[in-house]
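A.B. asks: please find the sequence and the predicted model below.
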Amino acid sequence: MQESTCEMRRAIETRDRKLAMLSEKINSHLLLFDSIEKEALSVKQVVDNVKHVVSEKEELASSLRSKMDKVSAFEEVFIEKIRDLENKMRRDDGELQRKDRIISELEAQLEASKIGNKYQSRVEELQRTLSAKDEAVQNLLSEKKGLLFELGSLASVLQKVHDTFTNMNEKEKRKFASALGNQQGFYLVADERNGDPCEENDLLITGEGSPNGNCRRDAATNSESSISQKQKPIGDNFQENMSATCASEFARSPSQSAACFEPLGAGHAQSVSIHDGKESGNSLQHLESECSTARVENAEG
């Protein structure tokens, strides 16, 4: 009995030892399970964190893709704007060049206008001078025409006077010879009265009925009213040339020049007979009328 009890006791002790070992193993396994669970929780947490990070990365990638799309769109817009700006810059460069040319032209025009304004007064003065010279030339041409016409008239008058001298008779020739003695007195009076034969004869002749006196008064009136001061020296030269011509004519042929100095002998005419005055009156009146007619024609020309 004791043996069975001992065996049972040994069996129980053996079973208790096994149970203790099993409990220890169970406890170790439980601890292992707890550690595994904790590790699984940590792994799960890590996985969750990884998933969260991955989701964040995916969101970031999607945002980056959207941003890249926006950047691509912006790049296209930027390139288009760059092209527009380049075109605008080229247009602005062309406009600036055109404006530079316009400015250069305006500066040239301004410089030219300054130069023109600088010499405008001089140009106007030169124009006035040229106008005055042109007017003077026209006046000289008109005076030349008048002088030529007057010379033609004087030539015709000289021809008529020469013809009249040719037709004079012997009494008129003697009268001319006596008139030569008074030639010096005539020149003195002519110097005092500007060489007008009609005015000189008015001083020398006192007869109211003399045809020579009437002719001289008419010729003086026409000369004072029509002939300009520029033509008076020509008349004086003509009178001197006429006197010199008559003197030379008398030196060559006294018969052709007997009446040339008839106005010079007006003071001596009072000493001759009335019969001689009547005979020579017609020729002298004809000579004086031709002189008056020539003066009137010259004044009108």
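C.D. replies: Perfect, thanks for sending it.
A.B. asks: which residues in the stretch 51-200 of the chain form helices?
C.D. replies: Along the stretch 51-200 of the chain, the stretches classed as helices by DSSP state H, counting those that start in this stretch are 120-166, 170-179, 183-192, 197-204.
A.B. asks: just say which of those helices is most tucked in.
C.D. replies: Greatest average neighbour count among the helices of the stretch 51-200 of the chain goes to helix 197-204 (a mean of 22), per mean count of other CB atoms under 10 Å. Where C-beta positions appear, they are placed from N, C-alpha and C, glycine not excepted.
A.B. asks: turn the helices of the stretch 51-200 of the chain into CSV, columns for distance to Ser55 and mean pLDDT.
C.D. replies: Formatted as CSV, the helices of the stretch 51-200 of the chain follow (distance: least, CB to CB, whole Å; pLDDT from 0 to 100):
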stretch, distance to Ser55, mean pLDDT
helix 120-166, 91, 87
helix 170-179, 158, 72
helix 183-192, 145, 50
helix 197-204, 145, 39
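A.B. asks: quick one: which of those helices is nearest Glu111?
C.D. replies: Nearest of these to Glu111, taken as CB to CB: helix 120-166 at 14.5 Å.
A.B. asks: now do the closest one: which elements does it pack against?
C.D. replies: helix 232-252, helix 274-300 (3 or more CB pairs under 8 Å, 6 or more residues apart in numbering; DSSP states H and E).
A.B. asks: would a markdown table of the helices of the stretch 51-200 of the chain with distance to Cys6 be doable?
C.D. replies: A markdown table is the format used below for those (distance: least, CB to CB, whole Å):
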| stretch | distance to Cys6 |
| --- | --- |
| helix 120-166 | 159 |
| helix 170-179 | 227 |
| helix 183-192 | 212 |
| helix 197-204 | 213 |
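A.B. asks: quick one: closest of the ones you listed to Lys67.
C.D. replies: That would be helix 120-166 among the helices of the stretch 51-200 of the chain, by CB to CB, at 73.6 Å.
A.B. asks: and the closest one with helix 170-179, angle?
C.D. replies: Angle of helix 120-166 versus helix 170-179, following axes from the mean of the first three to the mean of the last three CA atoms, to 10 degrees, is 130 degrees.
A.B. asks: got the domain ranges for the protein?
C.D. replies: Domain ranges of the chain: 50-118, 148-300, per automatic domain parsing.
A.B. asks: least reliable of these going by mean pLDDT?
C.D. replies: Lowest mean pLDDT within those: domain 148-300, at a mean of 52.
A.B. asks: Glu111: neighbour count?
C.D. replies: Residues within reach of Glu111, counting by other CB atoms under 10 Å, total 10.
A.B. asks: on that earlier part again, out of the helices of the stretch 51-200 of the chain, nearest to Glu80?
C.D. replies: Once the helices of the stretch 51-200 of the chain are compared by CB to CB, helix 120-166 is nearest, at 57.5 Å.
A.B. asks: re earlier: out of the helices of the stretch 51-200 of the chain, the one nearest Asp69 is which?
C.D. replies: Closest to Asp69 of the helices of the stretch 51-200 of the chain, according to CB to CB: helix 120-166, at 73.4 Å.
A.B. asks: and the gap between His162 and Met168?
C.D. replies: Distance of His162 to Met168, computed by CB to CB, to the nearest Å: 11 Å.
A.B. asks: quick revisit: select, out of the helices of the stretch 51-200 of the chain, the one closest to Val47.
C.D. replies: Nearest of those (CB to CB): helix 120-166, 102.2 Å.
A.B. asks: thanks again, I'm all set now.
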